[in-house]
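Asks: here's my sequence, what's the structure:
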Amino acid sequence: MVVVTCDVCGAKASPNTEKKATSDWIQGWDLYTESRNSVQHSIRFLDRWDARRVAEFGAIHFCSVACKDDYLKKAA
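Replies: Numbering: from 1, shown residues only. Okay, here's the model as predicted:
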């Protein structure tokens, strides 16, 4: 069982997140890649919750828009 927590405040998603992923929770990816010639930092968000992708590499989860905004301020 995967427990989804907010990457800012640590709040836990409901245990039934797979079936009832909430409209409040926001899912996305924070990816950082570095090559010999460049460095790229990319943050992307899904328009809906996808329970099959919660544990993918670079996945980020937020319980609210306020937590997402706080994360983006710190990432800049």
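Asks: pop out the phi and psi values for T33.
Replies: phi -130, psi 150 (degrees, to the nearest 10).
Asks: show me the contacts for it.
Replies: 39-40, 42 (CB atoms under 8 Å, 6 or more residues apart in numbering). To be clear about C-beta, it is placed using only N, CA and C from the backbone, and glycine gets the same treatment.
Asks: give me the beta-bridge partners of it?
Replies: Q40 (DSSP bridges).
Asks: that one and R48: what is the separation?
Replies: From T33 across to R48, the span is 26 Å (CB to CB, to the nearest Å).
Asks: ok, W29 next?
Replies: 14 Å.
Asks: ok, the two, which is more surrounded?
Replies: Legend: neighbour count by other CB atoms under 10 Å for W29 and R48, higher for W29 (15 against 8).
Asks: looks like that one contacts V54 (just checking).
Replies: No. With contact defined as CB atoms under 8 Å, W29 and V54 do not form a contacting pair (11.2 Å).
Asks: stretch 55-70: end-to-end distance?
Replies: 22 Å (CA to CA, to the nearest Å).
Asks: name the residues that touch that stretch?
Replies: With CB under 8 Å, 6+ apart as the criterion, stretch 55-70 contacts 2, 4-9, 11, 13, 24-31, 43, 45, 53-54, 71.
Asks: which ChimeraX command selects the buried ones in those residues?
Replies: Buried residues among the contacts of stretch 55-70 (16 or more other CB atoms under 10 Å), as a ChimeraX selection:
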select :4,6,7,8,13,25,26,27,28,43,54,71
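Asks: which of the contacts of stretch 55-70 fall within strands?
Replies: In strands, defined here by DSSP state E, the members of the contacts of stretch 55-70 are 26-31, 43, 45.
Asks: now the two most distant members of the residues you listed.
Replies: I26 and L31 (16.2 Å; CB to CB).
Asks: quickly list what Q27 is bridged to.
Replies: H61.
Asks: roughly how far apart are it and L46?
Replies: 5 Å.
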